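S.K.: A structural model of the following input is requested.
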Amino acid sequence: SSSSSSSSSSSSSSSRSSPRLPAASDISSTANPYIKHCVRLRDSSRYRQQQRRLLLVGHTLLSELAEEAGSSLDILVLFTRPGTDLPAGIAARRVITVSDSVMKKLTGLEEAAGVQVVAELALPQYADLSAWSSTNGSSSSAATEAAAGPQQGATGPQQQQQQQQQQQQKLRRLLVLESVQDPGN
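M.R.: As a prediction, the model looks like this:
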């Protein structure tokens with residue numbers, strides 16, 4: 001009876017904690033628990049947010065993201081078809097070769113023949129935008145000084161103005177989207 005209680009406690013904790021990266025280098029079964037985890041990432045926004053992970057399907061998207069993100073891109077697992085070369089400049093913690101049926105399951109596409117890679121990525125940390133919002137558009141000098149930090153008080157007014165202008169030039173526009181329905185459209 002102790003084994004059944006430990007298995008129920010481990011299943012309830014697995015819904016909250018991220019699963020371990022698979023040790024296997026090949027997966028051919030769509031019933032594999034890690035494949036099921038990836039399908040859940042693909043299908044459930046809530047699960048993606050809980051796990052702080054996402055799936056990215058396709059060589060082109062992955063290459064473009066890698067070019068933009070550089071070394072900050074955290075690829076946990078790269079699923080590839082047999083004989084597929086890794087995209088240039090892509091490094092993953094684990095590279096796993098999968099069967100056609102598993103690739104089809106991962107992508108959710110009826111015809112996944114053209115898809116050579118699927119990546120599981122860690123979502124980036126949320127950015128703190130409170131300092132940005134107080135220095136952009138705020139006429140309050142107190143808010144600007146608070147956002148700039150204690151070292152700002154030691155500089156003259158002209159230097160403060162130059163630093164504020166430099167901050168504003170770094171990020172001129174900010175687009176925030178929330179609760180987007182059908183983001184693929």
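S.K.: The strand or helix carrying residue 121 packs against which elements?
M.R.: Residue 121 belongs to strand 117-122 when assigned by DSSP states H and E. Under the contact definition 3 or more C-beta pairs under 8 Å, 6 or more residues apart in numbering; DSSP states H and E, strand 117-122 sits against helix 33-43, strand 53-57, helix 59-69, strand 75-80, helix 100-107. Just so you know, the C-beta spots here come from the backbone N, C-alpha and C atoms, and that holds for glycine as well.
S.K.: Just want the angle from that strand to helix 100-107.
M.R.: Using axes from the mean of the first three to the mean of the last three C-alpha atoms, to 10 degrees, the direction of strand 117-122 lies 40 degrees away from that of helix 100-107.
S.K.: Tell me the helix or strand right after the lowest-mean-pLDDT helix or strand in the chain.
M.R.: Least confident helix or strand of the chain, by mean pLDDT, DSSP states H and E, is helix 2-14 with a mean of 39. Following helix 2-14 in sequence order, the next helix or strand is strand 26-27 (DSSP H and E).
S.K.: In contact with the nearest residue to residue 95 once chain neighbours are set aside, which residues?
M.R.: Of all residues not flanking residue 95 in the chain, residue 78 sits nearest, at 4.9 Å (C-beta to C-beta, 6 or more residues apart in numbering). For residue 78, the contacting residues are 86, 90, 92, 94-96, 117-120, by C-beta atoms under 8 Å, 6 or more residues apart in numbering.
S.K.: Find me the pLDDT at residue 21, would you?
M.R.: Here, the pLDDT recorded for residue 21 equals 85.
S.K.: Could you give the number of residues near it?
M.R.: Per other C-beta atoms under 10 Å, the neighbour tally for residue 21 reads 14.
S.K.: what's the answer for the one 3 residues further on, then?
M.R.: Burial of residue 24, expressed as a neighbour count using other C-beta under 10 Å, amounts to 13.
S.K.: Who are the contact partners of it?
M.R.: Applying C-beta under 8 Å, 6+ apart, we find residue 24 in contact with residue 96.
S.K.: for residue 53, same thing?
M.R.: Counting by C-beta under 8 Å, 6+ apart, residue 53 touches 18, 41, 76, 120-123.
S.K.: got any ranges where the chain has weak pLDDT?
M.R.: 1-16, 129-157, 160, 163-173, 183-185 (pLDDT under 70).
S.K.: same thing but at 90, please
M.R.: Across the chain, the ranges flagged by pLDDT under 90 are 1-24, 58-74, 83-92, 108-115, 123-185.
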